[in-house]
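Chemist: just the structure for this:
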Amino acid sequence: MRRVILHIGLPKTGSSSIQASLSGVDTGDVRVVRFGENLFHNLPLSTLLSDDPARMRQHLNRGHSPEAIAARRARWDTAFTEELARDTPTLVLSSEVISNAGDAALLRLKDRIEGSGRRLEVFGYVREPMGLFGSALQQRLKQFDRLPRDFDPFQYRKRLAVWVDALPPDQLTLRDFVPANLTGSSPVRDFADFCAIPGDAYREKQRNESLNAEVTRLLYIFNGAMAVSTGRPRLAEARKRFLRLLKQSIDGPRFKTPLACIDPERLALELEWLAAHTGLDYRAHVAEHRHAMLTAPLDDEMRRLAPETRARLDALVNEAGLTLPPGAGPARQLAALYLDLLAPETPAPRNSRIKKLLRTFRLR
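Modeler: Prediction:
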């Protein structure tokens, strides 16, 4: 029977590496779906699943007009229909957006796949909560999101319940994300093996490097000070360059999950559901760290900068030729460095424009 393997890309489980490595694969028996010119699935799938794709950040950051978005959606919808109609026994879909989409949209996707005459099989890796918290926090910061005070990346039930309820057990495969226990110690090789994709059909790629502790904290401070920017490709590109500047300029130790900021009661409820409905049980592991979970404010933890980092930040401002008031705090310094990347677009003197913008954001 023809089938679709849907990799649901749960947070921080190697999803980007899987997509980068397997995109474009077609062995004759197994084909990774192609949305026309787009080999990667995140943008096409999120567009097809969205009730209002014109408001999606991914399109706004690329400067796509509503008309262009509608045209892309139509092309991708046609391409998906054609893919489902192929004779290829196994089609593969892989995307992080699947784990974030609403239940109604996911059930529509399920109905569409099954309506094409294919069997749907859902596959996902699940990460233990302590590692998930730290990695998901970094990922959100790299996306320039302002973290909520009650940041909670766990949400196992929200991401998995729709599949647990809608599919029989033999159509849902969830594996503990412990690379040492996976085929070839790699989620890419492990998932390829599950899909029966031979090793010579793809080249493994690694994506999403982690940030050190000091860069992570600086990004947290910056994101809290500056509004999240969407709708202008120039701003998105400036933020990429800003992140590269911090990574190349600021040293620091490996970032460790701030266990003190985890709410143990909320986590316990998630883990109870996970164990009862999937068989993945992290409760004993978490119990070893329960004493360190204090539901402490994340803001206090993330604003602690090493003296060396503050000194390096001062040096970066000086090297850029920026003039700031004496005693300017890290938020103002970071904002000035970022705004400096945008300054060439205006004929006004650079420092005066940056000072005006800083006053607009009321940064000290």
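
Chemist: ok, and for the helix or strand hosting residue 74, which residues are buried?
Modeler: Assigned by DSSP states H and E, residue 74 belongs to helix 66-84. Of all the residues in helix 66-84, those buried under the rule 16 or more other CB atoms under 10 Å are 69, 72-73, 76, 79-80, 83-84. For every residue, glycine as well, the C-beta is placed using N, CA and C.

Chemist: helices and strands around the next helix or strand after that helix, which ones?
Modeler: Following helix 66-84 in sequence order, the next helix or strand is strand 90-94 (DSSP H and E). With contacts taken as 3 or more CB pairs under 8 Å, 6 or more residues apart in numbering; DSSP states H and E, strand 90-94 sits against strand 3-7, helix 15-22, strand 30-32.

Chemist: re the thing from before, among the buried residues of helix 66-84, give me the pair with the biggest separation.
Modeler: Pairwise distances among those were taken by CB to CB; the largest, 22.5 Å, belongs to 69 and 84.

Chemist: on that earlier part again, which among the buried residues of helix 66-84 gets closest to residue 336?
Modeler: residue 69 (34.1 Å).

Chemist: low-confidence ranges in the stretch 51-200 of the chain?
Modeler: Counting by pLDDT under 70, the stretch 51-200 of the chain contains no low-confidence range.

Chemist: tell me where it has strands.
Modeler: For the stretch 51-200 of the chain, strands defined by DSSP state E, counting those that start in this stretch occupy the ranges 90-94, 119-126, 172-176.

Chemist: most tightly surrounded among the ones you listed?
Modeler: Of all these, strand 90-94 has the most neighbours on average by mean count of other CB atoms under 10 Å, namely a mean of 24.

Chemist: out of the helices and strands packed on strand 90-94, which gets nearest to residue 98?
Modeler: When these are ranked by proximity to residue 98 (CB to CB), strand 3-7 comes first, at 6.7 Å.

Chemist: and the contacts of that closest one?
Modeler: 15, 18, 84, 89-95, 98, 109, 113, 118-124, 191, 194-195 (CB atoms under 8 Å, 6 or more residues apart in numbering).

Chemist: now do 6 Å
Modeler: 90-94, 113, 118-123, 195 (CB atoms under 6 Å, 6 or more residues apart in numbering).

Chemist: distance check, the residue nearest to residue 225 when sequence neighbours are not counted against residue 309.
Modeler: Excluding the flanking residues, the one nearest residue 225 by CB to CB, 6 or more residues apart in numbering is residue 331, at 4.0 Å. Counting by CB to CB, to the nearest Å, the gap from residue 331 to residue 309 is 14 Å.

Chemist: and residue 123, by the same measure?
Modeler: Counting by CB to CB, the gap from residue 123 to residue 309 is 41 Å.

Chemist: quick one: end-to-end length of stretch 301-314, please.
Modeler: With CA to CA, to the nearest Å as the measure, stretch 301-314 spans 22 Å from end to end.
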